[in-house]
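**Student:** Please find the sequence and the predicted model below.
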Amino acid sequence: MNVLVINSGSSSIKYQLLDMRTETVMCSGAVERIGEAVGSVTHKIAPGGDTEDWISLTQPIADHEEGMHLVIGLITDAKRGVVKSLDEIEAIGHRIVQGGDIFHASCRVDDRVVDELTKLIPLGPVHNPGHLAGIRVSRQLFPQVPQVTVFDTVFHQTMPPRAYMYALPYELYEELKVRRYGFHGTSHAYVTKEAARFLGKPVEEVNLITVHLGNGSSMCAVQNGKSVDTSMGLTPLEGLIMGTRCGDADLAIYPLLGAEKGLSISEINDLTNKQSGFKGICGKNDMRDIHEAVAQGDSRARLALDMFGYRNRKYIGSYLAVLGRVDAIVFTAGIGENDPVARELTCRGLEHLGIKLDHDRNLAPARGARDIAASDSAVRVLVIPTNEELEIARQTVAVLKPS
Ligand code: AMP
């Protein structure tokens, strides 16, 4: 089955077409700056393979419909297309960030799903409108193709109330569904299964702390293969220190900033989501730039790294307490997979808790799943490359499989 995975945002559509017989990527790409004066499309054919090829377009792209038409044109192009006709696209999987506590599993798209996603917009105002635009256009352009929604929140729906409730007036939960949902669930789910396979254990028996460190970062306490706690909350703002998001911070900062700086709620929201984290501390949000600044003696960049490592260690310590027995710490995503310094900072001083990195294994420039713990470490430390698109395509196939 060929599955088109779509991650539609407010002004972008990222996509990947996978042949699920072999789990290989036929093409991938991104339409960006939809609705702006000049938009762009970057299209990769057979990415990562011997015949990798690129096409890039720059032109105004009025809306998602025009963006999807461009994608379809590239996928089915007579010369360089990867399929001959749209009939060869057999299913579509949509990535959805906020599924609230309505969606407990991936599901086939129908009018009810669209209605529920629309109702969830107040809980996912940044992402869900863009997802809905992608679904609407895909249903118009591919009326015969079954479509599936795969949610970032679903993996964390197994959290117990003690982990997902905020100690706010209970009515806020009842009336507005104010609670912790957690995100990056597709990534945490994928690396959980891959880690179980790597450890040679059934997924129902693994206890893990999965550490997704990218531009957005989150950790998850996994007990018997299921999420029992995670660091992101009502929105992806809570938890770890990220590229531009502050993570955990006292809510009383909001009224203080309102009173002292005259900032509106939307300005404070922008400040905590887009101007904070690494960027707020040292002016840079990309980890590679932060390392470069540290090498040049930038003390703010050093502070940002120090805070990052400290916050990560605190979360690992608390999840060790939650889980009791832990088989492995699992690093993934851009920073987690590629940055030995970030991994070392995250595990520093945790030897007395059974977490001991092997210096050389951590530094080795390897790819693929690997164990970087010292041989005598009680807890394994794994690096597992995440693959959210493959997980979405696998779940799409699973939902559509005749029962
Ligand atoms: P992601 O959101 O998963 O794409 O991750 C983005 C983050 O990964 C950025 O902060 C990048 O600087 C970081 N990153 C990507 N490659 C490397 C690398 N080789 N070394 C350090 N950080 C990296």
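**Tutor:** Cool, got the structure.

**Student:** contacts, neighbours, all on C-alpha from now
**Tutor:** Fine.

**Student:** Give me the distance between the residue nearest to residue 357 when sequence neighbours are not counted and the ligand.
**Tutor:** If you skip the residues right next to it in sequence, residue 357 has residue 373 as its closest partner in space, 4.3 Å away by CA to CA, 6 or more residues apart in numbering. According to CA to the nearest ligand atom, to the nearest Å, residue 373 stands 19 Å off from the ligand.

**Student:** repeat for residue 283
**Tutor:** From residue 283 to the ligand the distance is 13 Å (CA to the nearest ligand atom).

**Student:** How about the residues of the protein by the ligand?
**Tutor:** 214, 215, 216, 286, 287, 288, 333, 334, 335, 338, 339 (CA under 6 Å from any ligand atom).

**Student:** min pLDDT across those, which one?
**Tutor:** The lowest pLDDT within those belongs to residue 215, which sits at 92.

**Student:** ok, that one - contacts?
**Tutor:** Residues touching residue 215, when contacts are defined by CA atoms under 8 Å, 6 or more residues apart in numbering, comprise 242, 243, 244, 285, 286, 334, 335.

**Student:** Would you convert these into JSON lines that also reports distance to residue 31 and secondary structure?
**Tutor:** Rendered in JSON lines, the data for those read as follows (distance: CA to CA, whole Å; DSSP: H, G, I helix; E, B strand; the rest coil):
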{"residue": "242", "distance to residue 31": "25", "secondary structure": "coil"}
{"residue": "243", "distance to residue 31": "23", "secondary structure": "coil"}
{"residue": "244", "distance to residue 31": "23", "secondary structure": "coil"}
{"residue": "285", "distance to residue 31": "23", "secondary structure": "coil"}
{"residue": "286", "distance to residue 31": "22", "secondary structure": "coil"}
{"residue": "334", "distance to residue 31": "21", "secondary structure": "helix"}
{"residue": "335", "distance to residue 31": "24", "secondary structure": "helix"}
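
**Student:** Same list, the residues you listed, but as TSV with distance to residue 118 and neighbour count please.
**Tutor:** Shown next, in TSV, are these (distance: CA to CA, whole Å; neighbours: other CA atoms under 10 Å):
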residue	distance to residue 118	neighbour count
242	28	27
243	29	25
244	27	25
285	32	22
286	33	16
334	31	17
335	33	22
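
**Student:** between the residues you listed, which is closest to residue 185?
**Tutor:** For residue 185, the closest of the contacts of residue 215 turns out to be residue 334, at 16.1 Å, with distances computed as CA to CA.

**Student:** Which residues are in contact with the residue nearest to the closest one when sequence neighbours are not counted?
**Tutor:** Leaving out its chain neighbours, the residue that sits closest to residue 334 by CA to CA, 6+ apart is residue 214, at 4.8 Å. In this structure, residue 214 makes contact with 242, 243, 333, 334, 335, 336, judged by CA under 8 Å, 6+ apart.

**Student:** wait, the third one sits on residue 383?
**Tutor:** No: checked against CA atoms under 8 Å, the pair residue 333 and residue 383 is beyond contact range at 9.3 Å.

**Student:** between these two, which one's more packed in?
**Tutor:** A direct count of neighbours by other CA atoms under 10 Å for residue 333 and residue 383 places residue 383 higher, at 28 against 22.

**Student:** what's across from that one in the sheet?
**Tutor:** Residue 383 has the following beta-bridge partners by DSSP bridges: residue 331, residue 370.
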